[in-house]
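> Okay, sequence plus prediction incoming.
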Amino acid sequence: MFNLFKRPLHKDSLDSWCKILDDVAKVAILAIPVVLYNETLLAYKVANSLFLVSSAYLCLFSADFMRKNKAKLTNEEGE
């Protein structure tokens, strides 16, 4: 019950994690204009924008990695 990250994962759980990571990346991308039009210092805007871009990239990379290695993560190879 509490072993959410224990392998092998269920195929539906893996698909859900991929969708969640995609949604987090979309929110991070959509938050960039909000940060840029805020009335704070330029360095703060740049730092937060870089953090959001790197977070979005990391989420998309992780979701892509999970999709490419679905067979290994779910043990569908017949092991």
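Ah, there it is.
> Setting aside sequence neighbours, what's the nearest residue to the residue most central in space within the chain?
In the chain, the centroid-proximal residue (CA atoms, centre = their mean) is Cys59; its distance is 2.3 Å. What sits nearest to Cys59 in space, not counting adjacent residues and going by CB to CB, 6 or more residues apart in numbering, is Ala25, at 4.0 Å. C-beta: built from backbone N, CA, C; applies to glycine.
> any idea how far that neighbour lies from Ala43?
24 Å (CB to CB, to the nearest Å).
> For the two, indicate the residue with more neighbours.
Taking neighbours as other CB atoms under 10 Å, Ala25 and Ala43 compare with Ala25 leading, 20 against 8.
> now that one: how far from Leu41?
In terms of CB to CB, Ala25 sits 26 Å off from Leu41.
> same question, Ile32
Separation of Ile32 from Leu41 (CB to CB): 16 Å.
> thinking again about what came up before, per-residue confidence for the residue nearest to Cys59?
You'll see Ala25 listed with a pLDDT of 97.
> Against Ser54, how distant is it?
11 Å.
> hmm, back to that, need the contact list for the residue nearest to Cys59.
Ala25 sits next to 55-57, 59-60, 63 when contact means CB atoms under 8 Å, 6 or more residues apart in numbering.
> Same check on Asp64?
By CB under 8 Å, 6+ apart, Asp64 has no neighbours at all.
> Looking only at neighbour counts, state which of Ile32 and Leu41 leads.
Set side by side, Ile32 and Leu41 show more neighbours around Ile32, with 17 against 9, by other CB under 10 Å.
> For the one helix or strand the more buried one maps to, buried residues please.
Here Ile32, judged by DSSP states H and E, is contained in helix 11-36. Neighbour-count burial for helix 11-36, counted by 16 or more other CB atoms under 10 Å, picks out 14, 17-18, 21-22, 24-25, 28-29, 32, 35.
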